[in-house]
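Q: sequence first, then the predicted structure:
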Number of protein chains: 2
Amino acid sequence: MKDHIVISKATIDRLPLYFRTLRLSQEEGIDIISSEELGQRLGVTPEQIRKDLASFGQFGKKGVGYYVRELIGNIGEILGLHYHWNIAVVGIGHLGSALSNYQNFTSLGFNLVALFDASPEVIGKTVNGVVVESIDRMTEIVRDRNIHIGIIAVPAVYAQGVADKLVSAGVAGIWNFAPIKITVPDKIRIVNEDLSVGLSSLSYHLSRSLHEND
Amino acid sequence: MKDHIVISKATIDRLPLYFRTLRLSQEEGIDIISSEELGQRLGVTPEQIRKDLASFGQFGKKGVGYYVRELIGNIGEILGLHYHWNIAVVGIGHLGSALSNYQNFTSLGFNLVALFDASPEVIGKTVNGVVVESIDRMTEIVRDRNIHIGIIAVPAVYAQGVADKLVSAGVAGIWNFAPIKITVPDKIRIVNEDLSVGLSSLSYHLSRSLHEND
DNA sequence: TAGATTGTTAATCGATTAACAATC
DNA sequence: TAGATTGTTAATCGATTAACAATC
């Protein structure tokens, strides 16, 4: 792995796509794949793929391509998926339940180890094999179950409070689904997943094509 | 609106954030806001905001700032939210149900008008006031209810098939949650919402900080 | 008017694309 | 060896940041 080279956010965001597509290719029985072929499968130029991978090392064989199994391992390790992070979902409403049941997280190596909610009607229920705990027990449970990542799926008004609680309980990263900006200390990683962006950008483009001949 | 100027994807993706934050500010009773203040609230530089808005016109008053209500209207119109697009969700599993119940879409002006599923156990159920229909009735329902946008929340293996069906039924845009690349004709807009990207990028950064002193 | 803040141009920075030498 | 394909450098393109004149 090369030090002192800064990897672009765009590159990091493409790695999961490479990872996923390589695994699909592997299931199809493909052992070796070229950047050309891989690019076609996921809609990225071969140059882009080679450049992205090259920032982490030399994973291919010139004149041959990439060994699929090997590359999956390499990308998995780059992404840190081999750490099998423990995750907790906070807010077991519609979205929180859906996330708790999302099988693709498991297949990426994440372990769902805790669920939290504030509502007495929800506390005690079992979702995807995990019992929903009161949000008041967060501190002890985060410590006891060694939770690395907290997923926020509560209404916007509560999101900052939940984030503060997760941070003081000791998580290292937060994945925020609440549609609001959340502030955390610098050492905590935060990723905002804003579902309204995708739909709004669709709306933008659709309304353009409506009056294309202006 | 300025013609022949290409607006960057990054700009379009920030507009929904501006929109949302402006509405929150409005609720707090703020009538006029500067790019400085707005920037602080959503974690974007004031220059960035002014530049983004400037690509669509002159919405502010020099020496004063932006009139919140006016700007909300302007951005809403730029995003095409005033068209009140009709949307349908395909695949009423955990994620599909959550999306069907997502109140933020409604607050952006989208109308949920149809739900589809292939499973007899789900067909006929009511989710958020809408009855789940068989996927076999998609063509007629898309036409009759004038559906503009289809949301794909089915397992990856079925996603391309569902997309083909949505396109031939006549939707103009697709919002895809299935973790797979989908191919559609050029005239159809497609946005991929890949939930594994966010979590994987968290994992990447967390594993970096683990061996920060390498 | 003086102070504040926009809109816009120029400078910088970063990411993608193109080209090709290295080599399997 | 000849053909294929990577890894890497250079060229281009696009987006952000800085600076400031315009003006409310």
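A: Everything's here; your move. This structure is a prediction, so every number in the text was calculated from the model and none was measured. Numbering: from 1, shown residues only, chains lettered A, B, ... in the order given.
Q: where does chain A dip in pLDDT?
A: Scanning chain A for pLDDT under 70 picks out the ranges A:1-5, A:212-214.
Q: what does it have sitting close to DNA strand C?
A: A:8-11, A:45, A:47-48, A:50-51, A:61-64 (C-beta under 7 Å from any atom of the strand). For the C-beta atoms, the positions are set from N, CA and C on the backbone; glycine is no exception.
Q: close to chain B, is stretch A:90-99?
A: Yes - under the criterion of C-beta under 8 Å from any C-beta of the partner chain, chain B is reached by stretch A:90-99 at A:His94, A:Leu95, A:Ser97, A:Ala98.
Q: to clarify, my last question referred to stretch A:116-129.
A: No - applying C-beta under 8 Å from any C-beta, one finds stretch A:116-129 out of contact with chain B, separated by at least 9.0 Å.
Q: now that stretch: buried residues?
A: A:Phe116, A:Asp117, A:Ala118, A:Val122, A:Ile123, A:Val127 (16 or more other C-beta atoms under 10 Å in any protein chain shown).
Q: how is chain A divided into domains?
A: A:9-81, A:84-197 (automatic domain parsing).
Q: any chance of CSV for those domains, columns distance to B:Glu36?
A: CSV is the format used below for the domains of chain A (distance: least, C-beta to C-beta, whole Å):
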stretch, distance to B:Glu36
domain A:9-81, 25
domain A:84-197, 16
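Q: what strand or helix carries the closest residue to A:Thr45 other than its chain neighbours?
A: Counting by C-beta to C-beta, 6 or more residues apart in numbering or on different chains, A:Thr45 lies nearest to A:Gly39, which is 5.6 Å off, once chain neighbours are set aside. Counting by DSSP states H and E, the element that carries A:Gly39 is helix A:35-42.
Q: in chain A, which residue sits closest to DNA strand C?
A: Here the residue of chain A nearest DNA strand C is A:Gly63; by C-beta to the nearest atom of the strand that distance is 2.1 Å.
Q: that residue: what secondary structure?
A: Classification of A:Gly63 using DSSP: H, G, I helix; E, B strand; the rest coil returns coil.
Q: so for the helix holding A:Gly39, what gets flagged as buried?
A: By neighbour count on 16+ other C-beta under 10 Å, the buried set for helix A:35-42 is A:Ser35, A:Leu38, A:Gly39, A:Arg41, A:Leu42.
Q: I'd say the fourth one and A:Ser25 touch.
A: Right, the one you point to is A:Arg41. Yes - look at A:Arg41 against A:Ser25 with C-beta atoms under 8 Å: they come within range, at 6.9 Å.
Q: between those two, which contacts overlap?
A: Common neighbours of A:Arg41 and A:Ser25 are not found (criterion: C-beta atoms under 8 Å, 6 or more residues apart in numbering or on different chains).
Q: which residue ranges form the strands in chain A?
A: Taking DSSP state E, the strands of chain A run over residues A:32-33, A:60-61, A:65-67, A:86-90, A:111-117, A:126-127, A:130-134, A:149-152, A:173-176, A:189-192.
Q: between the buried residues of helix A:35-42, which is closest to DNA strand D?
A: Checking the buried residues of helix A:35-42 one by one against DNA strand D (C-beta to the nearest atom of the strand), the nearest turns out to be A:Ser35, at 3.7 Å.
Q: farthest pair within the residues of stretch A:90-99 next to chain B?
A: Largest separation among the residues of stretch A:90-99 next to chain B by C-beta to C-beta: A:Leu95 and A:Ser97, giving 7.3 Å.
Q: list residues touching both of those two?
A: Shared contacts of A:Leu95 and A:Ser97, defined by C-beta under 8 Å, 6+ apart, comprise B:Ala98.
Q: tell me the residues of chain A that contact DNA strand D?
A: So chain A meets DNA strand D at A:34-36, A:46-47, A:50-51, A:53-54, A:58-66 (C-beta under 7 Å from any atom of the strand).
Q: can you select the buried ones from those in PyMOL?
A: Burial among those is assessed by 16+ other C-beta under 10 Å; the matching PyMOL selection reads:
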select buried, chain A and resi 34+35+50+53+59+60+65+66
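Q: neighbours of the nearest residue to A:Ser209 once chain neighbours are set aside, how many?
A: Counting by C-beta to C-beta, 6+ apart, B:Ala172 is the residue found nearest to A:Ser209 once chain neighbours are left out, at 7.1 Å. Residues near B:Ala172, counting by other C-beta atoms under 10 Å in any protein chain shown, number 20.
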